[in-house]
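> Need the 3D shape of this:
(one chain, ligands or ions: 1)
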Amino acid sequence: MDTAFTDKDTYQDIFDPEGYLNTYYNPKSGILVVDGFLNFALKKLHEAFATRGIKGKTLIDIGHGPTIYQDLSACESFDEIIGADYTDRNREYYERSLRNEPGTFDWTDAIQKVCDIEGKGTSVEDKKKKLKTTVKKTLKCDVLKSNPLEPLVLPKVDCVMSLGCLECACSNLDTYRNVLKNVSFLLKIGGYIILTEILNCSSYLSGGKRFSCLVLTEDFMRSAISETGFEIIDLEVIYRKYDKNQYELCNHDSSLFVLARKIKDV
Ligand SMILES: C[S@@+](CC[C@H](N)C(=O)[O-])C[C@H]1O[C@@H](n2cnc3c(N)ncnc32)[C@H](O)[C@@H]1O
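From the prediction side, this is the model:
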């Protein structure tokens, strides 16, 4: 299902955090739970931070939306995490989730999964505390700007992570390549980028509204990342089993994880 490009101000106006979380991350029926993406992402993030030892002072989590699962492994490897998203509602929901406010989405299953993968006997409560103390703030950001955090200019960071955001922010492949350069601007030479994207998806339904998605392929991702000054360290794709009902909500056929290291500015 194609749909007109939904730009950042459409997100600001109509993207509903609760509707998104219930459709995509509900522990029993969430599309990204049922299709295996969430477990895949949690495993790959643990591998990147704990097994490969990607660590440092600061990680920026760009386009976090209302989700916190992506920071559960990172919070053990970085002194601080800075969140960033375009919409006020998503930044507010992210902060409320970090404070474990009543009525916010229950991430217990995902947190328990990460604690189990880590195998250190960390309790869900202790992981929530670690996450809350490591994420220092969340900032307004626009990945379409050469400095996505404009007007702020932060010191270059050790890692930038962006899960399921860039393909929503871009209307064409050239813009996607530029956005990779924009995100790279925030990174030290030798720093790391971590991306997940859904592939071959043209749109997704969230909170009863349809949002556009830039159709990405594994080949495009490999070339775009290499052409924007990164060396790919790890890239993995998982394929989803076809389910007509879920497909109508979100028509991706696979999901991609990539870890890459910045070797130069382009
Ligand atoms: C599908 S949600 C991804 C949420 C979350 N990272 C996840 O893994 O499910 C896409 C996010 O991209 C953000 N976004 C869209 N356009 C943006 C832009 N130009 N700059 C920064 N964030 C943007 C939206 O506000 C939204 O939070």
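> next one: the helix or strand containing residue 112 to chain centre, how far?
Under the criterion of DSSP states H and E, residue 112 resides in helix 108-118. When distances are taken as CA atoms, centre = their mean, to the nearest Å, helix 108-118 is centred 18 Å away from the chain's centroid.
> Could you do stretch 9-28 as well?
The answer for stretch 9-28 is 14 Å, by CA atoms, centre = their mean.
> pLDDT of that stretch, averaged?
Here stretch 9-28 scores 97 as its mean pLDDT.
> check contacts around the residue of the chain found nearest the ligand.
With CB to the nearest ligand atom as the measure, residue 65 is the residue of the chain nearest to the ligand, at 2.6 Å. For glycine as for every other residue, the C-beta is placed from the backbone atoms N, C-alpha and C. Neighbour list for residue 65: 15, 17, 20, 85, 90, 94, 164, 165 [criterion: CB atoms under 8 Å, 6 or more residues apart in numbering].
> try 10 Å this time
By CB atoms under 10 Å, 6 or more residues apart in numbering, residue 65 lies in contact with 11, 15, 17, 20-21, 24, 83, 85-87, 89-91, 93-94, 163-165, 168, 206.
> So which of these belong to strands?
83, 85, 163, 206 (DSSP state E).
> And the last one, what's its pLDDT?
According to the per-residue confidence, residue 206 scores 95 in pLDDT.
> Likewise for the first one?
According to the model's per-residue confidence, residue 83 sits at a pLDDT of 98.
> Now do the contacts for the one residue sitting closest to the centre of the chain.
Centroid check for the chain by CA atoms, centre = their mean gives residue 163 as the closest residue, at 1.7 Å. Going by CB under 10 Å, 6+ apart, residue 163 touches 37, 41, 45, 61-65, 67, 69-71, 194-197, 255, 257.
> change it to 8 Å
41, 63, 64, 67, 70, 194, 195, 196.
> Now the buried members of the residues you listed.
41, 63, 64, 67, 70, 194, 195, 196 (16 or more other CB atoms under 10 Å).
> what would these look like in a markdown table with pLDDT and secondary structure?
What follows is the buried ones among the contacts of residue 163, written out as a markdown table (pLDDT from 0 to 100; DSSP: H, G, I helix; E, B strand; the rest coil):
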| residue | pLDDT | secondary structure |
| --- | --- | --- |
| 41 | 98 | helix |
| 63 | 98 | coil |
| 64 | 98 | coil |
| 67 | 98 | coil |
| 70 | 98 | helix |
| 194 | 98 | strand |
| 195 | 98 | strand |
| 196 | 98 | strand |
